[in-house]
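In: After the sequence you'll find the predicted model.
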Amino acid sequence: MKLLTVCLGNICRSPAAEGILADLAKQRGYFVELDSAGTAAYHVGSPPDSRSIRALKKHNIDISQLTARQVCQDDFAYFDWILAMDKANLTNLQRLCPESMQYKVRLFSSFSPLQTNEDVADPYYGDDADFTQMADHLTLLAQHFFDHIEHPHKEV
Ligand code: 4NP
């Protein structure tokens, strides 16, 4: 399974989601190919935000080696799921994605049995506490995502 996590800048939420999904896949014994990207190009070539790196270190996950890139057209054919961190990014991805692959583009929280379809809040203008909360939220959503892949519940 190939997964792409997507946020705006690819320095806060989506690299954190990539690291958390990779860690959980390893724990559960899944083979998953993972990458992350941004809908915007502001931070292309940059490492993750130091606050994201720190928040994930508390979960024993190292994302310091990742590098930001922008989403490209090839991503829609290559990946099985393209997981948007919030609804603004979901809308932008849906605009870019060819019709035949729209089904791959999903809000990350849409796999949750709670079906709240909530955004992963953008922590960029926040503080360390916001990044800690982001990491906890992403951990829960990653569990819900893999739970759904293993035992699909009602589609949203
Ligand atoms: P991300 O957070 O989308 O989770 O990587 C942001 C990073 C940068 C900016 C906004 C959000 N920015 O405006 O530069």
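Out: That came in fine, so what should we check first?
In: Going by neighbour count, list what's buried in the top helix by length along the chain.
Out: Across the chain, the helix with the greatest residue count (assigned by DSSP state H) is helix 128-150. By 16 or more other CB atoms under 10 Å, the buried positions in helix 128-150 come out as 130-132, 134-135, 137-139, 141-146, 148-149. Every C-beta, even on glycine, is put in place using the N, C-alpha and C of the backbone.
In: what does it contact?
Out: 1, 12-13, 16-17, 20-21, 24-25, 28, 30, 49, 51-52, 54-56, 58-59, 83, 108-109, 111-114, 120-121, 123 (CB atoms under 8 Å, 6 or more residues apart in numbering).
In: In terms of helix, strand or coil, where does residue 64 fall?
Out: coil (DSSP: H, G, I helix; E, B strand; the rest coil).
In: Backbone torsions only: list them for the closest residue to it other than its chain neighbours.
Out: Closest residue to residue 64 apart from its sequence neighbours, by CB to CB, 6 or more residues apart in numbering: residue 53 at 5.1 Å. Main-chain torsions, residue 53, degrees, to the nearest 10: phi -60, psi -50.
In: wait, residue 13 sits on residue 123?
Out: Yes: with contact taken as CB atoms under 8 Å, residue 13 and residue 123 are classed as touching, separated by 7.3 Å.
In: Let's verify residue 52: helix, strand, or coil?
Out: helix.
In: Now that it has come up, it's in contact with residue 14, right?
Out: No: the pair residue 52 and residue 14 fails to qualify as a contact (CB under 8 Å) at a distance of 9.6 Å.
In: who touches the residue nearest to residue 64 in this structure?
Out: With contact taken as CB under 8 Å, 6+ apart, residue 53 is in contact with 47, 62-64.
In: Out of those residues, who's the most crowded?
Out: residue 63 (22 neighbours; other CB atoms under 10 Å).
In: picking up where we left off before, just the buried ones from the contacts of helix 128-150, in PyMOL syntax?
Out: In PyMOL, this line selects whichever of the contacts of helix 128-150 come out buried by 16+ other CB under 10 Å:
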select buried, resi 12+13+16+17+20+21+24+25+49+51+52+55+56+59+83+108+109+111+112+120+123
